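In: fold the stuff below for me.
(one chain, ligands or ions: 2)
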Amino acid sequence: MRGRVPGRTVNGDEGRVEPRFRRVVLKASGEALMGEQGFGIDVSVVDRIARDIADARSLGVEVGVVIGGGNIFRGVAVASKGGDRVTGDHMGMLATVINSLALRTSLVKIGVEAVVLSAIAMPELCESFSQRQATSYMNQGKVVIFAGGTGNPFFTTDSAAALRAAEIGAEALFKGTQVDGVYTADPKKDPQATRYERISHERVMRDGLSIMDTAAIALARENNIPIIVFSIHEEGGFGAILRGAGHCTVVDDDLADLQKAKA
Ligand SMILES: Nc1ncnc2c1ncn2[C@@H]1O[C@H](COP(=O)(O)OP(=O)(O)O)[C@@H](O)[C@H]1O
Ligand SMILES: O=c1ccn([C@@H]2O[C@H](COP(=O)(O)OP(=O)(O)O)[C@@H](O)[C@H]2O)c(=O)[nH]1
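Out: Ligands and ions are numbered 1, 2, ... in the order given. Presented below is the predicted three-dimensional model:
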């Protein structure tokens, strides 16, 4: 598989590719939503991510989405200045609700049915999360946006994404982030870092490759969920990977031999 997630060409229809996964969770970086602005939401970025999700839906893939809140607020920012971490995390979780509402708007605008289910009850804005309701909506082909993270402080939206992926029986967790995969070291700090095409959950944790928090990776591993790390900035990247092409790192314990790839 070598870092690729092969789709299957449908018999007698050379042009059509059957995606490998039927149900996935996409974790979209909150930070990415601010585009060039430095803060908040750049609607053109949200619209573009919505188009990529619509593309995945057109392949028949059921998509759940978790969006981060780093473009607006992170709890550690408060804690690092001596503030209350729990309140800061509550603010961070509210930021993810703002982003989720923005994504729902962009999806609905292009004709994709989408619902927001929040881990924190705010009935005037959206429905509350329940596993049963989420699964029901996914079965109906709606895009389900999981807002409010896990609903608990001291967690991240990466953990929320792994949790929701396990709850709804997703076959893969796509982490759409600032970089195009998992590297031997942080590529933003080490220009010599090289990208893995495939690597195990175990190795990511053992080598401290901080592409995702350890709790999220451990949860995905325990539930045999592969993590596909790719760049959320690459237009069409999500769909390309689902079709068996694209640029990513596959994190999966089923992949016996670990290979370092050339970038
Ligand atoms: N070994 C690594 N491979 C890839 N990225 C890494 C690695 N170590 C640290 N990073 C950094 O992790 C960042 C992604 O994590 P995070 O900030 O949680 O992103 P997100 O905004 O998607 O939640 C990347 O921008 C990258 O600079
Ligand atoms: O289950 C969760 C998920 C998120 N957060 C808070 O929400 C912020 C935004 O989420 P995250 O940092 O994961 O966003 P991203 O890095 O993906 O933009 C976090 O920093 C936390 O403060 C939290 O407390 N619990």
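In: which bits of the protein sit near ligand 1?
Out: Within the chain, the residues that sit near ligand 1 (CB under 6 Å from any ligand atom) are 29, 31, 68, 70, 177-179, 182-183, 185-188, 209-211. Yep, even glycine has a C-beta here, placed from its N, CA and C like the rest.
In: please redo it, this time with the cut-off set to 5 Å
Out: The interface of the chain toward ligand 1, taken as CB under 5 Å from any ligand atom, is made up of 29, 31, 68, 177-179, 182-183, 186, 188, 209-211.
In: nearest to Arg48, of the residues you listed?
Out: Ser29 (13.2 Å; CB to CB).
In: all helices in the stretch 101-250 of the chain, in order from the N-terminus.
Out: In the stretch 101-250 of the chain, the helices defined using DSSP state H, counting those that start in this stretch lie at 131-139, 157-167, 201-206, 214-222, 237-242.
In: can I get the ones you listed in CSV with mean pLDDT and distance to Ser100?
Out: Converted to CSV, the helices of the stretch 101-250 of the chain look like this (pLDDT from 0 to 100; distance: least, CB to CB, whole Å):
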stretch, mean pLDDT, distance to Ser100
helix 131-139, 98, 13
helix 157-167, 98, 10
helix 201-206, 96, 27
helix 214-222, 97, 18
helix 237-242, 96, 17
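In: deepest-packed of the ones you listed, please.
Out: Among the helices of the stretch 101-250 of the chain, helix 157-167 has the highest mean neighbour count (mean count of other CB atoms under 10 Å), at a mean of 26.
In: re earlier: which one of the helices of the stretch 101-250 of the chain lies closest to Gly38?
Out: Shortest distance between Gly38 and the helices of the stretch 101-250 of the chain, using CB to CB, is found for helix 157-167: 20.1 Å.
In: just checking, what packs against the closest one?
Out: Helix 157-167 makes packing contacts with strand 23-28, strand 62-67, helix 131-139, strand 143-147, strand 172-177, helix 214-222 when contacts are defined by 3 or more CB pairs under 8 Å, 6 or more residues apart in numbering; DSSP states H and E.
In: could the ones you listed go into TSV alongside distance to Val97?
Out: Shown next, in TSV, are the helices and strands packed on helix 157-167 (distance: least, CB to CB, whole Å):
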stretch	distance to Val97
strand 23-28	14
strand 62-67	9
helix 131-139	16
strand 143-147	4
strand 172-177	19
helix 214-222	20
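In: centroid-nearest residue for the protein?
Out: Lys27 (1.3 Å; CA atoms, centre = their mean).
In: what's opposite that residue in the beta bridge?
Out: On the basis of DSSP bridges, Lys27 is bridged to Val66, Lys175.
In: that one touches Lys175, doesn't it?
Out: Yes: at 4.9 Å, Lys27 counts as touching Lys175 under the criterion of CB atoms under 8 Å.
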